[in-house]
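Q: what follows is a predicted structure for the sequence shown.
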Amino acid sequence: MPFGRIAVGVAVPAIAIALALALGAVIVIVAGDSPLDAYGALVHGAVGTPSNIAATFIRSTPIAITGLGVAIAFKGGAFNLGGEGQMIAGALVGAVAANALPALPAPLGTLLAIAAGCLAGALWAFGPALLEIRLGVPMLITTLLLNYVAALLAAWVVTYPLRDLAGGGVAQTAMVPEATWLPAIGATRLNAGVVLLAVLPFIAAWALRRTVAGYELRMVGANREFAEYGGVDAARSIVGATLVSGALCGLAGVVLVLGVNHRYIDGLVTSAGFAWSGFIAAVLALASPILTVVAGVFLGALQVGGLGMTRATSVPLQLVDIVQAAIILVVAVRAGIQAALLKRAGGRGGA
Amino acid sequence: MDIFAVLDIALLASTIRLVAPILLAALGGLLTERAGVFNVALEGLMLIGAFFAVAGAFWTGEPLAGVALAVLAAALTAVVLAIVVDLGGDAIVGGLAINLLALGLTTYLVKPVFGVTGSYYDPSLVGLPDIQIPVLDGVPVLGTLLSGYSILVYLAFALAAVGQVLLYRHPWGIRLRAVGEAPAAAASVGISVRRVRFAAIILSGVLCGLAGAQLSISLVTQFVQGMTAGRGFIALVAVMFGRATPLGVLGASLLFGFAYALTLRLQSVGIPPQFVAMLPYLATIVALVAVAARTRARRRGAIAAIESDASDRLEESAKAI
């Protein structure tokens, strides 16, 4: 019953969002503010003016791309919680590569720096993937612990060997050459990175639906033993998906550097919580590539709107973090409810 | 680098102090692990504990009230996770949601509770006192090793010992293990699987509340945004590394506590602080690999034993014929 499945798949995240926003409203009331004012300011901050819409998409780009990375690993049943570390690797290596490259004709330097960032993200994910399939070390924990290692390593790199001495007290790399910057779109603050949001989810959806590797990955995610019985090399499939996942997180990092900040700054990735928002987007969208990007843009809007809300009211910005966490808390329960619903309907779970 | 400049009695004392938050959280993780729930929320529960310990001490001026509030708040947060699990939800996604919720909530509350943003530090904030044990305190080496810790350090070690007895000798422990190992069988003899899981998750919240309090009103007396910094996950690995037995978890926690103590010590000998700070995380990954290798070896050993046993029997039957 495909209609039932779609209805369940869309209705429950919508309920989750509504419940989380209601919780947010309660917190606003407790803090002595009007939820109408707060949410009004939030909506205006997110989409009220062309400039705000641009800010929303700038914020959404890394969230949606890391979300896509997490979603692809999910499809194979793998928990990649290392989005943050992989994004740091991509951002730092992308910045370093852009600075180290000789002057090249226009898009070439940018493309090489992006390739370096993707590679760095994939490499940061490779160790945990290998440990999981060779020794059964849970990737969930290794990827997460490596986030702290990546943040510390990057902090050291920009504090000592590659510090921009002109940067004063800020630990950051030198600014990357302007030739490697992602071009601006028209007269807006948007950069070409946002185009990825329109392209990547469809490539991912196509690859998952229409290629052998994608089919095998979904099979492994749905039932690993059955897939192996059918001749699928599950280990290779999981490693491949994790590498793609890491590369996407690396891409999110390098796009942030080349498109927005034009250098790696200590804490660039961690302080904004991009990767965890990406994780929330993937969970909320049940790892559907297209819906993950939609969810990523929604969360980006929530965060940018939150900044507007903080300016207009006395509600702290972290209200948005609480609302986001509450959303996936409800989604976590939903997984159980939905499984029960589908079982009763006789449909297939997972997929 | 002179190795003896790094290793001494003070380092061991520092280990014992630093082991407490990990050990307390790991004992909580052990309870849920034994009940069959993979608890990734230790991190968030500990962070809630750390925040409310400071808040309680700030409001009342009494650090023990901080401990009580930490326990209460972390237990209440654990109830949320218990409900998610009870409704058949995904414990991992639910646990990660709790972590994100804890990070958002505690960062949010810093402003209305303490009137500052980011982290809260006030020199007038009273932390848990270090308990000087009379007589023992004066003995040279033993005094340094055994005396002068907060009540939570002593409690952590005591709970590990008591836990070992409870888990294997007390009906409650036997029920807990039954629920984790064979829920259907446990249910068939009248044990309420749901109730045992609920209790285990809430108790893990209580223990994480204590762990957070040790972190924020004993090791330091301040609250810093996200100050648990992965300790909950390190505790989770301590459960695996210690084979989910209280004494095994104690040993594993001591190892990770030592890594933290070494971190503090190495900072003073000129190694860049960033590399030094990586030590606990890297030690934890190494421990994880060791756990996996051990499990694999044991499995292979078991298979080899069965095979050799089978071939012995085959030989015997061949001789008999």
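A: Thanks, I have it.

Q: for B:F38, helix, strand, or coil?
A: coil (DSSP: H, G, I helix; E, B strand; the rest coil).

Q: contacts only, for it.
A: By CB atoms under 8 Å, 6 or more residues apart in numbering or on different chains, the residues touching B:F38 are B:T32, B:A91, B:I92, B:G95. Placement of C-beta: from N, CA and C, glycine included.

Q: please list the members of these that lie in helices.
A: In this view, the contacts of B:F38 that belong to helices under DSSP state H are B:T32, B:A91, B:I92, B:G95.

Q: next, the closest residue to A:R163 other than its chain neighbours: phi, psi?
A: Nearest residue to A:R163 in three dimensions, chain neighbours excluded: A:A171, at 6.1 Å (CB to CB, 6 or more residues apart in numbering or on different chains). Geometry field for A:A171 lists phi and psi as phi -80, psi 110, criterion degrees, to the nearest 10.

Q: can you give me the buried ones in stretch B:135-155?
A: B:G143, B:L145, B:S147, B:G148, B:Y149, B:S150, B:I151, B:L152, B:V153, B:L155 (16 or more other CB atoms under 10 Å in any protein chain shown).

Q: ditto for stretch B:182-193
A: B:P183, B:A186, B:I191, B:V193.

Q: secondary structure element holding the second one?
A: Element membership of B:A186 [criterion: DSSP states H and E] is helix B:183-188.

Q: smallest gap between the stretch 151-300 of chain A and chain B, at which residue?
A: A:W156 (3.7 Å; CB to the nearest CB).

Q: quick one: secondary structure of that residue?
A: helix.

Q: equivalent analysis for B:T228, please.
A: coil.

Q: need the contact list for it.
A: B:E43, B:M46, B:L47, B:A50, B:G212, B:L215.

Q: from those residues, which is closest to chain A?
A: Nearest to chain A among these, with distances taken as CB to the nearest CB, is B:E43, at 9.1 Å.

Q: can you show me the helices along the chain?
A: Went with chain A since none was named. Using DSSP H, helices in chain A cover A:2-30, A:35-47, A:50-75, A:83-100, A:106-135, A:139-159, A:195-210, A:212-222, A:224-229, A:234-256, A:274-284, A:289-312, A:319-345.

Q: wrong one, chain B
A: Taking DSSP H, the helices of chain B run over residues B:3-6, B:9-34, B:42-60, B:63-86, B:91-114, B:140-146, B:151-169, B:171-181, B:183-188, B:193-214, B:231-241, B:246-266, B:273-320.

Q: looking at those, which is nearest to chain A?
A: helix B:91-114 (2.9 Å).

Q: quick check: angle from the closest one to helix B:9-34?
A: 130 degrees (axes from the mean of the first three to the mean of the last three CA atoms, to 10 degrees).

Q: same for helix B:91-114, what does it pack against?
A: helix A:274-284, helix A:319-345, helix B:42-60, helix B:63-86, strand B:120-121, strand B:222-223 (3 or more CB pairs under 8 Å, 6 or more residues apart in numbering or on different chains; DSSP states H and E).

Q: give me the below-cutoff pLDDT ranges for the chain.
A: Here I'm looking at chain A. Scanning chain A for pLDDT under 70 picks out A:1-9, A:335-351.

Q: ah, no, chain B please
A: In chain B, residues with pLDDT under 70: B:1-7, B:303, B:306-321.

Q: quick one: contacts of stretch B:277-284?
A: Counting by CB under 8 Å, 6+ apart, A:145-146, A:148-149, A:152-153, B:230, B:233-234, B:237, B:255-256, B:259-260, B:262-263, B:266 sit against stretch B:277-284.

Q: please save the CA atoms from it in CSV.
A: Extracted C-alpha coordinates of stretch B:277-284, given in CSV (Å, rounded to 0.1, in the frame of the first residue of the first chain):
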residue,chain,number,x,y,z
ALA,B,277,43.9,16.6,24.5
MET,B,278,43.5,13.9,21.8
LEU,B,279,44.9,11.2,24.1
PRO,B,280,41.7,10.1,25.8
TYR,B,281,39.9,9.8,22.5
LEU,B,282,42.7,7.9,20.8
ALA,B,283,43.1,5.6,23.9
THR,B,284,39.3,4.9,23.7
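
Q: dump the ones in helices among the contacts of B:F38 to CSV, plus neighbour count.
A: What follows is the ones in helices among the contacts of B:F38, written out as CSV (neighbours: other CB atoms under 10 Å in any protein chain shown):
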residue, neighbour count
B:T32, 33
B:A91, 22
B:I92, 18
B:G95, 27
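
Q: if we can go back for a sec, which two of the buried residues of stretch B:182-193 have the greatest separation?
A: Between any two of the buried residues of stretch B:182-193, the greatest separation by CB to CB is 8.8 Å, found for B:P183 and B:I191.

Q: follow-up on the earlier one: for B:L64, find the nearest of the helices of chain A.
A: With respect to B:L64, and counting by CB to CB, the nearest of these is helix A:2-30 at 27.3 Å.
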